[in-house]
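Chemist: Please work out how this folds:
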Amino acid sequence: MNGMNADFIVMAIWGFIFVVFVFKLFQSIRLVPTKSAYIVERLGKYHSTLDAGFHALVPFVDKVAYIHDLKEETIAVPPQECFSRDEVNVEVDGVIYISITDPVKASYGITDYRYAAIQLAQTTTRSVIGTLDLDRTFEERDVISAKVVEVLDQAGAMWGIQVHRYEIKNITPPETVKNAMEMQVNAEREKRALLAKSEGDKQSRINRSEGIKAEMINRSEGEMQKRVNEAEGKAQEILTISEATSESIQRLADVIAAPGGQNALRMQLGERYMKQLSGLSQEGNRVVLPGNMMDFEYWLNSIGLQEKK
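Modeler: Modelled structure (predicted):
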């Protein structure tokens, strides 16, 4: 009976050893996915890094100590309180984008590279915000992010990681400061509105005055042109009349100088003279006649039209 129990115990031990051996044999076969890296230790010491593909390990000797994902990952930086240069307490949080470049350093260079990156990002953010006034912290997000990335890159070279970006999600000031900032923004907005209104009113007045000025100039120029045109018209009229008079006088002189011209002129003037006398007598006017009705000959002689004998 005791011999049977002993044989059963031995068989159970060998069966357990066989099961463990089979389990370890299957465990030594590793299929590494793409963008992943397995750190293999042999007897507790670093042995190799397994890339993507099929790999077989030595059972009971080799083991996968660390498994790393080589894809870019996002790590949230928890909110923290920071003091600006003007002693205003603000709450800042952000996001880090990192990836593993050296799986060995990420495994043995630091205990937890994620936690270390978060702590370093927080301390760097606090130090940078401490050099800026509150108003500039909202404007200098890129400066803060660039400084954090620079510091993390220097440390990441020893940790086997690369920091691609650091983005600040929120910068939250206290409620009192937030209300004061809102009042300042509203005041600036009202100031710009009043300034824009005054500039518009100023431009409107300038435009109206320019329009009135242009209208007065146009009227004065029109009046001046009108007077110039009238003066030129009168001058042309006088010139035309004088030319016509000169031409008529010249023609009359030519007619008088022609043979029989003086006799014709004498007859015409005598006819007009008699018609005037006849007209005056018919209208009932008192007419004083010369003693000699032929005295108009004297008048003709005075103007040089009497025929010389």
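
Chemist: What ranges does the stretch 51-200 of the chain have for its helices?
Modeler: For the stretch 51-200 of the chain, the helices defined by DSSP state H, counting those that start in this stretch cover 103-108, 113-129, 134-139, 141-159, 175-257.

Chemist: Distance-wise, check Gly94 relative to Glu73.
Modeler: Computed as CB to CB, to the nearest Å, the Gly94 to Glu73 distance reads 15 Å. Glycine gets a C-beta too; all of them are placed from N, C-alpha and C.

Chemist: Looking at those two, which has the bigger crowd around it?
Modeler: Taking neighbours as other CB atoms under 10 Å, Gly94 and Glu73 compare with Gly94 leading, 25 against 13.

Chemist: contacts for stretch 163-172?
Modeler: 72, 79, 90-99, 117, 121, 125, 137-138, 141, 144-145, 148-149, 152-153, 156, 178 (CB atoms under 8 Å, 6 or more residues apart in numbering).

Chemist: Return it as PDB; C-alpha atoms alone will do.
Modeler: Provided in PDB are the C-alpha atoms of stretch 163-172 (Å, rounded to 0.1, in the frame of the first residue of the first chain):
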ATOM      1  CA  VAL A 163       9.100  64.000 -26.800                       C
ATOM      2  CA  HIS A 164       7.300  65.200 -29.900                       C
ATOM      3  CA  ARG A 165       5.000  67.900 -28.500                       C
ATOM      4  CA  TYR A 166       3.700  69.400 -25.300                       C
ATOM      5  CA  GLU A 167       0.400  71.200 -25.400                       C
ATOM      6  CA  ILE A 168      -1.100  73.300 -22.600                       C
ATOM      7  CA  LYS A 169      -4.800  72.500 -22.400                       C
ATOM      8  CA  ASN A 170      -6.000  75.100 -19.800                       C
ATOM      9  CA  ILE A 171      -4.600  78.000 -17.900                       C
ATOM     10  CA  THR A 172      -7.200  78.800 -15.200                       C
END
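
Chemist: So for that stretch, what gets flagged as buried?
Modeler: 163, 166-168, 171 (16 or more other CB atoms under 10 Å).

Chemist: For Tyr46, give me phi and psi.
Modeler: phi -60, psi 130 (degrees, to the nearest 10).

Chemist: Correct me if wrong: it contacts Tyr108.
Modeler: Yes - with contacts counted by CB atoms under 8 Å, Tyr46 reaches Tyr108, the gap being 6.9 Å.

Chemist: Identify, from the buried residues of stretch 163-172, the entry nearest to Met224.
Modeler: Comparing those against Met224 with CB to CB places Ile171 closest, at 69.9 Å.

Chemist: Low-confidence bits of the stretch 151-300 of the chain, can you list those?
Modeler: 176-182, 251-300 (pLDDT under 70).

Chemist: one more time with 80, if that's ok
Modeler: For the stretch 151-300 of the chain, the stretches with pLDDT under 80 are 174-190, 235, 242-300.

Chemist: again, but for the stretch 1-150 of the chain
Modeler: 1-28, 60, 134-135, 138-139.

Chemist: For it, which segments are assigned as strands?
Modeler: 29-32, 36-42, 45-50, 53-56, 62-69, 73-83, 89-100 (DSSP state E, counting those that start in this stretch).

Chemist: Figure out which of those is closest to Thr245.
Modeler: Comparing the strands of the stretch 1-150 of the chain under CB to CB, the one sitting nearest is strand 89-100, at 103.3 Å.

Chemist: Dump the C-alpha coordinates for that closest one into CSV.
Modeler: In CSV, the C-alpha atoms belonging to strand 89-100 read as follows (Å, rounded to 0.1, in the frame of the first residue of the first chain):
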residue,chain,number,x,y,z
ASN,A,89,-2.0,81.7,-8.8
VAL,A,90,-3.1,79.9,-11.9
GLU,A,91,-3.9,76.2,-12.6
VAL,A,92,-2.3,74.6,-15.6
ASP,A,93,-2.6,71.2,-17.2
GLY,A,94,-1.4,69.8,-20.5
VAL,A,95,-0.7,66.8,-22.7
ILE,A,96,2.6,65.2,-23.6
TYR,A,97,3.2,63.3,-26.9
ILE,A,98,6.1,60.9,-26.6
SER,A,99,7.4,57.6,-28.1
ILE,A,100,10.1,55.1,-27.2
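
Chemist: Check which residues of it are buried.
Modeler: 90, 92-94, 96, 98-100.

Chemist: quick one: it to strand 62-69, angle?
Modeler: Inter-element angle recorded for strand 89-100 and strand 62-69: 130 degrees (by axes from the mean of the first three to the mean of the last three CA atoms, to 10 degrees).

Chemist: Could you report the neighbour count for Val61?
Modeler: 12.

Chemist: To clarify, my last question referred to Ala37.
Modeler: When neighbours are counted by other CB under 10 Å, Ala37 registers 21.

Chemist: cool, and the one 10 residues further on?
Modeler: Here the number of neighbours of His47 (other CB under 10 Å) works out to 17.
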